[in-house]
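A.B. asks: Sequence and predicted structure below; questions after.
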Amino acid sequence: MKKPIHKKIGQGIKKYHRHFTKYLYERDTIFATIWVFLFIIVLGSIPINLGIINPIKLGLKDFDFNDLSYSKLGKADLGKEKNKKFDNRIVIINIGQADRAGLAMMIDKAGTMNPKVMALDVLFYAEKDREQDSLLEEAFKRNKNLIAAHQLLPSGPDGDTIVTAGDYIKTASNYAFVNLFTDSLSSIRYYEPFEKDYKKKLYKSFTSAIVQAYDSAAYKELRKKGNSKTLINYSRNLSQYQIIPWETLMTDQADSSALAGKIVLFGYISTNKDDISDKFFTPMNSRFYGKSVPDMNGIVIHANIISMVLDDNYVKKLPSWVNWLVALLIGWLHMSFFVRYYLESHIWFHLVAKIAQVLSAIFFVWLGIYLFDSYRIKLDLKLSLIVIVMAVDVIYFYEAFAVWMHKKYHYHTVFHQKHH
Amino acid sequence: MKKFRLLLLLITVTSILSAQDNSFLVYSFKGNVSVVENKTEAKAKVGKMLNSGATLKVANGAAVTLICNEAAMFTIKTAGSYSLSQFKDSCATSTSSVSANYVKYVWAQMTKTGGSPGSDRKKFMNTVGAVSRSVNNIWIDPRLDTVNYAGGDFPLSWKSYADAKEFDFSLFNNGNTTNAAYKTTVSKLKIPIPSFASKIKAGNSYMWTASVKGEQNEELKVLNYISKEAYESFLKELKATAGTFENVAEETYRIAFMLEDAHYLAEAYQYYSKAAALAPDVPLYRSTLMSFKKDYEIK
């Protein structure tokens, strides 16, 4: 009599379940897993920068698997979900190559269209043309809802003595810093909403000042988070914000209601890939690894930060110990599986290990992306993947060690004889 | 009875939901685009919100990008009058999840063949190690930047700085300047439009260029093939602006001038010729016709 299908499935699951768990609680499996972590810690503690001769390490230095979800999986594409929709709270005026007089006219023109808050993402380091400068000074003075940009210049041994620059035009009612606190070649993943100097004077970031003027409740939430670095949850690209070229604004080709009650950002936008002024690398870059060109103008990064804060769409980054714990569990399970094939079907060991590594990599990258996309939880699974990759090689080291210990001290081990 | 009521309620709710209005935001536009709302026509403006009842009028060479329900973006590039209710389909958004896209991406990457410069020369020979200064051996009169053509004999011409015997003429569909829709080699410094008129479709816009045979010319000019109806309607407008004491020759000359101004060069040529024939004793008409023929290489 044939066995029913559910029993067949049950037996199959049991059989493959054994592949993973047969050696799970063996001392050797646990010790080999610990060895993997020791290797990682020891290699990571070498004070010499070995990455200099390791192109993979150099390539992966600024790599995050979650970037895939932005650049290839459509996380930030225009769509009907709340955080993918066109953000009609923010309008970006593309200032192009307008000079200071042009900017003054733009601000005045936009001011007449009743925006709730305006913010100018331009730094003015020194005097340029007296006539133009005074026009801009007057425009700053007239438009009380304008937030102007300045740059923080930290100095002193602890970097907590702060002076500002880029605010040559002094007549704005409100100034906020536009520092991104990263080097210009790294992806902009984090920003600092606030900065304090040694006198505990609080400096607001450009986006924080805008949020404060636009939505006090969202600002309160932001303040609660403190001064720490905040992960930017990019949700929109250029087409999800209303971009109005300054010529369109000045020639009355923008609807009178287009700016009313909204956040108006004045900044430079260029879609020309050869023009990289005020452009940065972001996780939304279509090429998320290796060599690339900057993909997003600073003003669009600011817009994304504002959208995130207004929507309370922050990413929860899990602490490092969770990453280590997850890596330990994943590594342990894999080690048990690898040890089983190493001892019982050694001829298949390398093939099975390679297939398992590829499948695990695909699965755990998906898991990270899924948590990030669905629950806004950032779990760094890079360490887990390194553990899976290293586990195969460490088995050989561990086996040699176990056999030697067995011969010398009658150490009880499942590795009775050397396989290689 | 209860079930019937429930069904009725369901049908009502479904029909209310499906009949919900789509809203359209004018994201950007170029050229002449106007909006008809409540029987009032006004120029389109960026940031304007429209409902399904509105109508968009897109002129030749103009384009407008709309965002539907803040979730779907589409662009209208072809001239015409469009009721926004017809764009219901364009409001549909993709429902595929990040996880589904991940599976597709992994599969695509795993089955992708990279190719190599040795095996796929077409793909890998596009990278050049030089800058382009756009200096080419062909000069095309800026007056031919945009040509509106409805019919008649008229040549597209150019000048050559090189002592070349043959020239490549390429015609591209608007928006696709990679592959020429029509390409031919000519020995003269011009090509009559009727020689390739069968390859183009009225109402469409094309780009063209000419180059010394085997060379590239990145300078593209626009050729709008205007439908007879659109041209007749435009001509009617021109005729309607008649002066009080205008005789037939004067009117013909005026129309020729206005047609030339509106880039209807083939049609302007016909009217200049007609004006010169109607009043052969007026030197202005004759000299204008001669200049026109010289400028546009009409022999």
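C.D. replies: Happy to help now that I have it. Numbering: from 1, shown residues only, chains lettered A, B, ... in the order given.

A.B. asks: Can you list the neighbours in contact with whichever strand or helix holds A:Lys220?
C.D. replies: Assigned by DSSP states H and E, A:Lys220 falls within helix A:216-224. Outside helix A:216-224, the residues that touch it by C-beta atoms under 8 Å, 6 or more residues apart in numbering or on different chains are A:Pro193, A:Phe194, A:Ser208, A:Val211, A:Gln212, A:Val309, A:Leu310, A:Asp312. Quick note: C-beta positions are derived from backbone N, CA and C, even for glycine.

A.B. asks: residue contacts, the last one?
C.D. replies: It stands for A:Asp312. Counting by C-beta under 8 Å, 6+ apart, A:Asp312 has contacts A:Ala218, A:Glu221.

A.B. asks: List phi and psi for it.
C.D. replies: Main-chain torsions, A:Asp312, degrees, to the nearest 10: phi 50, psi 50.

A.B. asks: The second one too?
C.D. replies: Note on A:Phe194: its backbone torsions stand at phi -140, psi 160 [degrees, to the nearest 10].

A.B. asks: Could you do the fifth one as well?
C.D. replies: According to degrees, to the nearest 10, the main-chain angles of A:Gln212 amount to phi -60, psi -40.

A.B. asks: just how off-centre is the helix holding A:Lys220 within its chain?
C.D. replies: 22 Å (C-alpha atoms, centre = their mean, to the nearest Å).

A.B. asks: who in the stretch 201-350 of chain A is up against chain B?
C.D. replies: By C-beta under 8 Å from any C-beta of the partner chain, the part of the stretch 201-350 of chain A that sits against chain B consists of A:239, A:242-244, A:248, A:252-259.

A.B. asks: mind listing which of the residues you listed are in helices?
C.D. replies: In helices, judged by DSSP state H, the following of these are found: A:Thr248.

A.B. asks: Now flag whichever of the contacts of helix A:216-224 is closest to B:Ala279.
C.D. replies: A:Leu310 (70.8 Å; C-beta to C-beta).

A.B. asks: Counting neighbours, what do you get for the closest one?
C.D. replies: Per other C-beta atoms under 10 Å in any protein chain shown, the neighbour tally for A:Leu310 reads 22.

A.B. asks: Hmm, it is touching A:Ala213, no?
C.D. replies: No - using C-beta atoms under 8 Å, A:Leu310 is not in contact with A:Ala213, being 11.9 Å away.

A.B. asks: Helix or strand next in line after the helix holding A:Lys220, which one?
C.D. replies: Following helix A:216-224 in sequence, per DSSP H and E, is strand A:230-231.

A.B. asks: gap between that next one and the chain center?
C.D. replies: With C-alpha atoms, centre = their mean, you get 8 Å for strand A:230-231.

A.B. asks: In terms of secondary structure, what does it contact?
C.D. replies: strand A:190-191 (3 or more C-beta pairs under 8 Å, 6 or more residues apart in numbering or on different chains; DSSP states H and E).

A.B. asks: give me that answer again for 10 Å
C.D. replies: With contacts taken as 3 or more C-beta pairs under 10 Å, 6 or more residues apart in numbering or on different chains; DSSP states H and E, strand A:230-231 sits against strand A:190-191, helix A:298-310, strand A:316-317.

A.B. asks: Now the contacts of helix A:216-224 in JSON lines, please, with extra columns for pLDDT.
C.D. replies: Converted to JSON lines, the contacts of helix A:216-224 look like this (pLDDT from 0 to 100):
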{"residue": "A:Pro193", "pLDDT": "94"}
{"residue": "A:Phe194", "pLDDT": "94"}
{"residue": "A:Ser208", "pLDDT": "96"}
{"residue": "A:Val211", "pLDDT": "97"}
{"residue": "A:Gln212", "pLDDT": "97"}
{"residue": "A:Val309", "pLDDT": "96"}
{"residue": "A:Leu310", "pLDDT": "96"}
{"residue": "A:Asp312", "pLDDT": "92"}
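
A.B. asks: Now a PyMOL select for only the buried ones of those.
C.D. replies: To isolate in PyMOL the members of the contacts of helix A:216-224 that are buried, counting by 16 or more other C-beta atoms under 10 Å in any protein chain shown, one can use:
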select buried, chain A and resi 193+194+208+211+212+309+310
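
A.B. asks: of all the contacts of helix A:216-224, which comes closest to B:Leu50?
C.D. replies: Among the contacts of helix A:216-224, and counting by C-beta to C-beta, the member closest to B:Leu50 is A:Leu310, at 25.5 Å.

A.B. asks: In space, what's closest to the closest one - neighbours in sequence excluded?
C.D. replies: A:Ala218 (5.1 Å; C-beta to C-beta, 6 or more residues apart in numbering or on different chains).

A.B. asks: Give the burial count for the one you found, as a bare number.
C.D. replies: Neighbour count for A:Ala218, taken as other C-beta under 10 Å: 17.

A.B. asks: Just the mean pLDDT for stretch A:12-28, thanks.
C.D. replies: When pLDDT is averaged over stretch A:12-28, the result is 78.

A.B. asks: Export it to PDB, keeping only CA atoms.
C.D. replies: Coordinates of each C-alpha in stretch A:12-28 appear next as PDB, following Å, rounded to 0.1, in the frame of the first residue of the first chain:
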ATOM      1  CA  GLY A  12      11.100  14.400   3.600                       C
ATOM      2  CA  ILE A  13      11.100  17.300   6.000                       C
ATOM      3  CA  LYS A  14      12.300  15.100   8.800                       C
ATOM      4  CA  LYS A  15      15.100  13.800   6.600                       C
ATOM      5  CA  TYR A  16      16.400  17.200   5.600                       C
ATOM      6  CA  HIS A  17      15.800  18.600   9.100                       C
ATOM      7  CA  ARG A  18      18.300  16.000  10.300                       C
ATOM      8  CA  HIS A  19      20.800  17.400   7.800                       C
ATOM      9  CA  PHE A  20      20.800  20.600   9.700                       C
ATOM     10  CA  THR A  21      20.400  19.400  13.300                       C
ATOM     11  CA  LYS A  22      22.300  16.100  13.500                       C
ATOM     12  CA  TYR A  23      25.500  17.800  14.600                       C
ATOM     13  CA  LEU A  24      23.900  20.900  15.900                       C
ATOM     14  CA  TYR A  25      24.600  20.200  19.600                       C
ATOM     15  CA  GLU A  26      28.000  18.600  19.000                       C
ATOM     16  CA  ARG A  27      30.800  20.200  20.900                       C
ATOM     17  CA  ASP A  28      32.800  20.400  17.600                       C
END
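
A.B. asks: how far away is whatever residue of the stretch 101-250 of chain B ends up closest to chain A from A:Ala391?
C.D. replies: Residue nearest to chain A within the stretch 101-250 of chain B (C-beta to the nearest C-beta): B:Asn101, separated by 4.1 Å. Between B:Asn101 and A:Ala391 the distance is 30 Å, computed by C-beta to C-beta, to the nearest Å.

A.B. asks: same check, this time on B:Met258
C.D. replies: Taking C-beta to C-beta as the measure, B:Met258 falls 81 Å from A:Ala391.

A.B. asks: and A:Lys220, how far is that from chain B?
C.D. replies: 27 Å (C-beta to the nearest C-beta, to the nearest Å).

A.B. asks: sorry, that was for A:Val394
C.D. replies: A:Val394 sits 27 Å away from chain B, taking C-beta to the nearest C-beta as the criterion.

A.B. asks: Assign that residue to helix, strand or coil.
C.D. replies: Here A:Val394 is recorded as helix under DSSP: H, G, I helix; E, B strand; the rest coil.
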